[in-house]
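Trainee: Pasting the sequence and the predicted coordinates here, then a few questions.
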Amino acid sequence: MSPEPRWTPPEAVSARVRRRWNDGSLLRVAVGVAPFEPVEVPLRGPSAGELGDDVALARAWADAVIRSSRDGAHYDLVFGEIGGRLVGRTRIPVRAVVSSADQAAALLEVKRPLRRFTELWRQTPDPLRSWVRQHPHKALDAEADWTAILAACAWLQAHRDQGRRLREITAEGVDTKLVERRRGVIAGLLGVPSGATAFAEALGFIVKTPTVRMRFDPAALGLPREFTEAVFRLDELDAAALPVRAALIVENEATYLSAPIPAGGVVLWGRGYDAAHPASLGWLQGVPVRYWGDLDTHGFAILDRVRAHLPQVRSVLMDQETLFAHRDRWGHEDAPTNAALPRLTGDEAALYEALVTDRHGTGVRLEQERIDWAWALERLAEAR
């Protein structure tokens with residue numbers, strides 16, 4: 001007779017208790033911020049009929065459950081009796097009870113990480129313990145750097161809102177690499193966002209100034225003729241109030257470098273979703289601006305973002321005619337977006353919907369560098 005699959009194996013007890021480890025309960029119990037709730041696991045064993053079929057198999061199951069309890073070190077057992085006149089009364093375990101944190105730790109073999117977490121908790125100042133209590137496993141994962149993390153938190157708090165840069169951190173055992181690597185934990189402890197820019201801004205530190213790469217006709221901008229391209233700080237370029245008559249924002253770098261410069265205008269590298277940076281330049285307001293991005297869902301999402309800054313912007317080479325003329329060059333968009341894009345024109349919105357719904361094929365995209373260059377130059381000239 002093969003083992004009966006309905007009988008509860010000893011592993012079921014540890015599986016039930018492991019949930020308390022996975023959700024952080026045992027870690028919270030270890031530092032005294034939560035009580036231990038006993039875990040009771042009903043044990044489905046052989047029935048009287050099954051006992052009569054194979055007493056040896058039933059006894060082997062019971063022995064395995066008893067042996068796994070380690071004489072109460074892992075769990076306590078509650079026994080009952082089955083059988084009758086035909087096979088006699090037999091005592092078998094009917095319930096396993098893990099009644100203490102020590103039993104749970106021994107059963108799961110987690111005594112060492114519990115001790116490490118207890119030491120981590122002891123080191124942590126009271127104001128920072130709230131996050132540790134809510135995210136004990138994240139804290140334990142960072143335990144190797146915990147002393148440095150606490151030092152970083154103390155320094156960041158002490159120098160908050162002083163207009164400094166993160167590179168200036170001088171806490172013992174801390175450098176900017178550690179802050180970058182453990183930013184999620186440090187942000188949680190300090191109660192600020194974890195994104196790189198939002199983290200620094202929330203603490204009052206100076207963030208990296210965005211830059212804009214731009215090609216231009218030097219004569220039109222009153223610059224020496226030797227200069228045709230430059231990278232500018234966004235804030236300084238915005239303050240320059242250049243006398244630009246037209247602009248083209250391009251997503252792809254190779255295309256940006258090749259696109260013709262509009263008369264009296266500039267070509268700006270959008271760098272994907274960073275296109276919002278050049279689009280935010282105040283002196284582009286009221287100027288004819290064209291945007292050329294990839295013909296895919298994210299290309300239209302970027303266009304929508306650009307138009308939030310420049311309502312007058314018009315797309316170029318992002319139309320159905322261009323898409324169908326290059327069918328043999330279509331690629332596949334691995335992670336398309338389906339976000340609502342309220343700033344698209346009627347034609348743009350229709351093509352975006354067709355891409356989102358895979359009307360022309362699954363994940364269709366046409367990268368701008370795949371567009372025939374003669375085709376592109378003709379339509380750029382028309383746009384000018």
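Mentor: Great, that's in hand. Numbering: from 1, shown residues only.
Trainee: which helices and strands sit right next to the helix or strand hosting Ala374?
Mentor: Element membership of Ala374 [criterion: DSSP states H and E] is helix 373-383. Contacts defined by 3 or more Cβ pairs under 8 Å, 6 or more residues apart in numbering; DSSP states H and E place helix 373-383 against strand 289-292, helix 320-325. Backbone N, C-alpha and C define where each C-beta goes, glycine included.
Trainee: Who are the packing partners of the first one?
Mentor: Read that as strand 289-292. Other elements packing on strand 289-292 under the criterion 3+ Cβ pairs under 8 Å, 6+ apart are strand 247-250, helix 297-309, strand 314-315, helix 373-383.
Trainee: Not counting it itself, show me its contacts.
Mentor: 246-251, 255, 259, 270, 275, 279, 302-303, 306-307, 310, 312-318, 368, 380, 383 (Cβ atoms under 8 Å, 6 or more residues apart in numbering).
Trainee: quick one: it to chain centroid distance?
Mentor: The chain centre lies 31 Å from the centre of strand 289-292; the measure is Cα atoms, centre = their mean, to the nearest Å.
Trainee: For the helix holding Ala374, C-alpha coordinates in PDB please.
Mentor: Provided in PDB are the C-alpha atoms of helix 373-383 (Å, rounded to 0.1, in the frame of the first residue of the first chain):
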ATOM      1  CA  TRP A 373      16.200  59.300 -44.800                       C
ATOM      2  CA  ALA A 374      15.000  60.700 -48.100                       C
ATOM      3  CA  TRP A 375      11.400  60.200 -46.900                       C
ATOM      4  CA  ALA A 376      12.300  61.900 -43.700                       C
ATOM      5  CA  LEU A 377      14.000  64.900 -45.300                       C
ATOM      6  CA  GLU A 378      11.100  65.500 -47.600                       C
ATOM      7  CA  ARG A 379       8.600  65.600 -44.700                       C
ATOM      8  CA  LEU A 380      10.900  67.700 -42.500                       C
ATOM      9  CA  ALA A 381      11.100  70.200 -45.400                       C
ATOM     10  CA  GLU A 382       7.300  70.300 -45.700                       C
ATOM     11  CA  ALA A 383       7.100  70.900 -41.900                       C
END
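Trainee: Check what contacts it and list those residues.
Mentor: So helix 373-383 is in contact with 248, 258-260, 290, 292, 314, 316-317, 322, 325-326, 368, going by Cβ under 8 Å, 6+ apart.
Trainee: Same check on stretch 71-80?
Mentor: 13-14, 41, 65-66, 68-69, 91-99, 103, 106-107.
Trainee: circling back: now for the helices and strands packed on strand 289-292, which one comes closest to Thr197?
Mentor: Proximity to Thr197 (Cβ to Cβ) singles out helix 297-309 among the helices and strands packed on strand 289-292, at 16.2 Å.
Trainee: hey, where'd the helices end up in the stretch 51-200 of the chain?
Mentor: For the stretch 51-200 of the chain, applying DSSP state H, counting those that start in this stretch gives helices covering 55-68, 101-108, 111-123, 129-134, 136-141, 146-158, 176-181, 183-190, 196-202.
Trainee: circling back to that earlier point, would you list the buried entries among the contacts of strand 289-292?
Mentor: 246-251, 255, 259, 270, 275, 279, 302-303, 306-307, 310, 313, 315-318, 368, 380, 383 (16 or more other Cβ atoms under 10 Å).
Trainee: Show me what the mean pLDDT comes to for the helix holding Ala374.
Mentor: What helix 373-383 shows for mean pLDDT is 91.
Trainee: Likewise for stretch 184-191?
Mentor: Averaging pLDDT along stretch 184-191 gives 95.
Trainee: just stretch 122-141 next, same as before
Mentor: For stretch 122-141, the per-residue pLDDT averages 96.
Trainee: do stretch 105-119 as well
Mentor: For stretch 105-119, the per-residue pLDDT averages 96.
Trainee: can you list the domain ranges for this protein.
Mentor: 11-110, 124-202, 211-383 (automatic domain parsing).
Trainee: Turn those domains into JSON lines, columns for distance to Thr118.
Mentor: Below are the domains of the chain laid out as JSON lines (distance: least, Cβ to Cβ, whole Å):
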{"stretch": "domain 11-110", "distance to Thr118": "5"}
{"stretch": "domain 124-202", "distance to Thr118": "10"}
{"stretch": "domain 211-383", "distance to Thr118": "42"}
